[in-house]
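Trainee: Have a look; sequence and predicted model below, questions after that.
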Amino acid sequence: MQSLYEWEFRGGENLDEIVERNINEFGKDVDADYVHKVVSGVIEHIDEINALIVEAAPEWPLEQVARVDKNTLRVAMYEMLYDPEEDVPPRVSINEAIELGKTFGSDSSSKFVNGVLGFVYRKHENTLKPRDER
């Protein structure tokens, strides 16, 4: 989430360099391969993910959604909908995203993230359910 936030904040600067720098600086206990997979997966599906955010929160234009919230949602939606290895069960992705919102977002971030991801979970529940029961 941190690398995607920085990438967006810097106006689309070289994402690979941002990811590598963040892994080297902060990633002592981070699975670098997983970070690269998630970041590249989010970018690959960013249009679909952004459309889901807009659909789930129509009263919030995407450019008005806080960057922390937006990129937290992007990571969770990638994990829930697009990760081919299905590494993280959807409910775990949702809970982790809510915690990121509480830690790094505003007072209302966790509620916003929970509402958007709850909408996405319900919308795709039939395709997500088997993964969640692992």
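Mentor: Looks like it came in fine.

Trainee: Every contact and neighbour count from this point should use C-alpha atoms.
Mentor: Fine.

Trainee: And residue 65, how far from residue 41?
Mentor: The gap separating residue 65 from residue 41 is 21 Å, by C-alpha to C-alpha, to the nearest Å.

Trainee: In which helix or strand does the residue most central in space within the chain reside?
Mentor: Compute the mean C-alpha point of the chain, and by C-alpha atoms, centre = their mean the closest residue is residue 75, 1.8 Å away. Secondary structure from DSSP states H and E places residue 75 in helix 67-77.

Trainee: Next: residue 35.
Mentor: Element membership for residue 35, per DSSP H and E: helix 32-44.

Trainee: what sits against the closest residue in space to residue 13 that isn't next to it in sequence?
Mentor: Counting by C-alpha to C-alpha, 6 or more residues apart in numbering, residue 7 is the residue found nearest to residue 13 once chain neighbours are left out, at 5.8 Å. By C-alpha atoms under 8 Å, 6 or more residues apart in numbering, the residues touching residue 7 are 13, 14, 15, 18.

Trainee: out of these, who's nearest residue 3?
Mentor: Nearest to residue 3 among the contacts of residue 7 is residue 18, at 6.0 Å by C-alpha to C-alpha.

Trainee: Give me the pLDDT for the closest one.
Mentor: Residue 18 carries a pLDDT value of 90.

Trainee: Same check on residue 129?
Mentor: At residue 129, the pLDDT value in this model is 50.
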